[in-house]
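**Student:** next come a sequence and a model predicted from it.
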Amino acid sequence: MYSNYLEKCEIKVATSRDTSRIIKMLKQVAGWLQDNDIKQWGFLLEGGDDVEIEQAISNRETYIVLSDDDIIATFTLLSKQSDWDKHIWGDDSTSSSLYLHRLALVPSFMKKGLGNSILIWIQNNNGSVSDYIKLDCIADNKKLNDFYNKNNFELIGFNDGHNKYQKRLRRPDQ
């Protein structure tokens, strides 16, 4: 079920005009994570991934969730593995998978069902083109791992301190 927030929001592909707002928002979330002793995304605070973020926006792989023209969430969906994905998953050129990266919500919108609703939106809007959604997250981030488990992602492995999750989008006979 979509939260009331998503019903009032617009999800759209980010454009180059959104780049600075997305990077600022991701750094805000990274700072919040650090302030709450969650060991994740600290590298974003120093500009790590800025070039990759800009490239994903340029490639039309990054989405934003808008509420009254404010970005309240963002995520990136890759139809081809990044170098990081290959490191975590191994070379997976035969599957039809989407790789979810940098799903982030502005802290004031957390714990309201928005993250769950975004995952449902991704599934509903990509099941005809991909078999799986795959993602990784830091293995010792209990809250994030619980979030993906509650959203029916299957833990299928561990590599380099990260848990690997996937969720089937299509039945095998489709």
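**Tutor:** Done, it's in. Here the structure is a predicted model, which means the values were calculated and not measured. Residues are numbered from 1 along each chain as shown.

**Student:** from here on, just use CA atoms for contacts and neighbour counts.
**Tutor:** Noted.

**Student:** how about the helices in the chain?
**Tutor:** 4-7, 19-35, 42-45, 50-58, 83-89, 114-126, 142-150 (DSSP state H).

**Student:** can you put the ones you listed in a markdown table and add mean pLDDT, distance to residue 65 and mean neighbour count?
**Tutor:** Shown next, in a markdown table, are the helices of the chain (pLDDT from 0 to 100; distance: least, Cα to Cα, whole Å; neighbours: other Cα atoms under 10 Å):
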| stretch | mean pLDDT | distance to residue 65 | mean neighbour count |
| --- | --- | --- | --- |
| helix 4-7 | 66 | 8 | 15 |
| helix 19-35 | 95 | 10 | 18 |
| helix 42-45 | 86 | 20 | 16 |
| helix 50-58 | 95 | 14 | 16 |
| helix 83-89 | 94 | 24 | 14 |
| helix 114-126 | 91 | 9 | 17 |
| helix 142-150 | 94 | 19 | 14 |
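
**Student:** output those as TSV; include the columns distance to residue 156.
**Tutor:** Formatted as TSV, these follow (distance: least, Cα to Cα, whole Å):
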stretch	distance to residue 156
helix 4-7	29
helix 19-35	25
helix 42-45	26
helix 50-58	26
helix 83-89	10
helix 114-126	18
helix 142-150	11
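
**Student:** quick one: closest of the ones you listed to residue 161.
**Tutor:** helix 83-89 (9.5 Å; Cα to Cα).

**Student:** still on that earlier bit, quick one: closest of the helices of the chain to residue 168.
**Tutor:** helix 114-126 (9.0 Å).

**Student:** CA atoms only for the closest one - export them in PDB, please.
**Tutor:** The C-alpha trace of helix 114-126 is given here as PDB (Å, rounded to 0.1, in the frame of the first residue of the first chain):
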ATOM      1  CA  LEU A 114       7.600   6.500   2.000                       C
ATOM      2  CA  GLY A 115      10.600   4.000   1.600                       C
ATOM      3  CA  ASN A 116       8.200   1.100   1.300                       C
ATOM      4  CA  SER A 117       6.100   3.000  -1.200                       C
ATOM      5  CA  ILE A 118       9.100   3.800  -3.300                       C
ATOM      6  CA  LEU A 119      10.100   0.100  -3.500                       C
ATOM      7  CA  ILE A 120       6.500  -0.800  -4.500                       C
ATOM      8  CA  TRP A 121       6.600   1.900  -7.200                       C
ATOM      9  CA  ILE A 122       9.900   0.600  -8.500                       C
ATOM     10  CA  GLN A 123       8.500  -3.000  -8.700                       C
ATOM     11  CA  ASN A 124       5.300  -1.800 -10.400                       C
ATOM     12  CA  ASN A 125       7.100   0.300 -13.000                       C
ATOM     13  CA  ASN A 126       9.900  -2.100 -13.900                       C
END
